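**Student:** Pasting the sequence and the predicted coordinates here, then a few questions.
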2 protein chains.
Amino acid sequence: MPARSGARPIPQASAARLSRYLQVLGDLTTRTVSSADLARRAGVTSATLRKDLSFVGPCGTPGVGYEVEALIGQVSQVLGVHRRYRVALAGVGHLGQALAGYPGFTGRGLTIAALFDADPERIGGTVAGLQVHDIADVATVCRAADVAIGVIATPAGAAQQVAEALVDAGIRSILNFAPAALDLPADVQVRRVDLALELQMLAFHETHREPAGSAGGAVVVRR
Amino acid sequence: MPARSGARPIPQASAARLSRYLQVLGDLTTRTVSSADLARRAGVTSATLRKDLSFVGPCGTPGVGYEVEALIGQVSQVLGVHRRYRVALAGVGHLGQALAGYPGFTGRGLTIAALFDADPERIGGTVAGLQVHDIADVATVCRAADVAIGVIATPAGAAQQVAEALVDAGIRSILNFAPAALDLPADVQVRRVDLALELQMLAFHETHREPAGSAGGAVVVRR
DNA sequence: GACTGTGAAGGTTTTCACAGCT
DNA sequence: AGCTGTGAAAACCTTCACAGTC
């Protein structure tokens, strides 16, 4: 049967923002919150926020706002936070360790369940309370640990090989931090985060900045 | 007057991909490359790639392709890579160290110029060949080092305060890795990378996956 | 023959604006 | 009055398809 029946499909863009709202909601201490207020805290417009929440279903009270507690529950439900996903992390260098120690995975339905590396120095050691396994054992360990999602935090050169190993282990969702394109079967969901790219986008903005002070500074924008 | 005359404004989405092409181009050894080939290596369609490059200006030869060397030059120009930007990095934990040691910043016009932390244990130490300064000295050091871009890799609780210090130091572009929204003047360009968000998007996909094996696995699709 | 550059079509996302509820 | 939920419009982005060039 389909995961959840009814409702319209949720656009990617909305799903991404819903995750952000969830995070912001967690920091609130009030009992209710208006779309305008929540939107400001999340850095989006109130129209965008209301549209996003409309995919979750009617969940606010006109004239009042949204009940924080209840909203957290509903958004969590839609995003699949109620279901826990176990994550395997390949590559325990600085980035891998940063991820392993990242707070707020647990609060969002994610559990780091296994660590891997290829460096004999690191294999057998402990990071963030978890044992580091040999990347060669990835299939065995992942199946035993019921891992659903893989994260690649290795050097670029190793990324493709590690990705294939993860796929062989039955993993069909991969988050890739290595600056390399992965060539994998179409049914594997791959997301990539390129740390340098984000910085380069800022540099791009600097370069194309309005020289005379007109506020805003966007490239297009500003009717 | 506008930063660069002629040409149409470059859409955000295209600018982001141009950065990726630049990275892929750097790995090529051939003298020319076709849109189809380059697109495959970058993980986009050839139509998208050609459209993106059209914003750079005519730069290919019909029947042949693009000259790698020349294309790197033109894309670099547009992205502002020809101009070097100096980057300040606040927070030298695992994530900060991963960023400080990230290869490929230099190749993309970015130089890590200064490191900061609030932990006395770390201040005065050396990371990736750079001295770690006290975050309290951020204004002095940044101005001396001619920093244009700031990166926040601190815990969430410190992010706002550090961001304000960076702005006071004259920085108008900030990349925020802390899971916190920053409240800053409108003329400051802020980009945020949320490591947990990307993982959550994968979890979302897992949750909404077609149960019976129909390939594709997207949420919408299904004509 | 092979490939680029680009108008036009198609799809998605954002914004607007307002009906309707409390 | 204040605020949500949502059609409709606008903006934005991707894909198609082909004229034009080498």
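**Tutor:** Alright, I've got the coordinates.
**Student:** Now tell me what touches stretch A:111-122 from outside.
**Tutor:** A:84-92, A:96, A:99-100, A:105, A:123, A:127-128, A:130-135, A:137-138, A:141-142, A:145-147, A:154, A:158, A:162 (Cβ atoms under 8 Å, 6 or more residues apart in numbering or on different chains). For every residue, glycine as well, the C-beta is placed using N, CA and C.
**Student:** Tell me the buried residues in it?
**Tutor:** Neighbour-count burial for stretch A:111-122, counted by 16 or more other Cβ atoms under 10 Å in any protein chain shown, picks out A:I112, A:A113, A:A114, A:L115, A:F116, A:D117, A:A118, A:R122.
**Student:** And for stretch A:22-40?
**Tutor:** A:22-25, A:28, A:32-35, A:37-40.
**Student:** Just those: which are in helices?
**Tutor:** Using DSSP state H, the members of the buried residues of stretch A:22-40 that fall in helices are A:L22, A:Q23, A:V24, A:L25, A:S35, A:D37, A:L38, A:A39, A:R40.
**Student:** contacts with DNA strand D among those, please.
**Tutor:** Checking those against DNA strand D by Cβ under 7 Å from any atom of the strand, the ones in range are A:S35.
**Student:** Reformat the ones in helices among the buried residues of stretch A:22-40 as CSV; add pLDDT and distance to chain B.
**Tutor:** Below are those laid out as CSV (pLDDT from 0 to 100; distance: Cβ to the nearest Cβ, whole Å):
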residue, pLDDT, distance to chain B
A:L22, 94, 8
A:Q23, 90, 6
A:V24, 93, 7
A:L25, 95, 12
A:S35, 98, 16
A:D37, 97, 12
A:L38, 97, 11
A:A39, 96, 11
A:R40, 93, 9
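**Student:** List just the nearest of the ones in helices among the buried residues of stretch A:22-40 to A:Q200.
**Tutor:** A:Q23 (25.6 Å; Cβ to Cβ).
**Student:** show me the contacts for that closest one.
**Tutor:** A:G104, A:R108, B:P179, B:D194, B:A196.
**Student:** Could you chop chain A up by domain?
**Tutor:** A:12-79, A:85-197 (automatic domain parsing).
**Student:** Contacts (any at all) between DNA strand D and the longest one?
**Tutor:** No: using Cβ under 7 Å from any atom of the strand, domain A:85-197 stays clear of DNA strand D, coming no nearer than 13.4 Å.
**Student:** Please identify the most buried of the domains of chain A.
**Tutor:** domain A:85-197 (a mean of 19; mean count of other Cβ atoms under 10 Å in any protein chain shown).
**Student:** and that domain, does that touch DNA strand C?
**Tutor:** No: using Cβ under 7 Å from any atom of the strand, we find that domain A:85-197 stays clear of DNA strand C, coming within 14.0 Å at best.
**Student:** From the opening residue of that domain to its closing one, how far?
**Tutor:** In domain A:85-197, first residue to last residue: 28 Å (Cα to Cα, to the nearest Å).
**Student:** tell me the secondary structure for A:P58?
**Tutor:** Following DSSP: H, G, I helix; E, B strand; the rest coil, the label given to A:P58 is coil.
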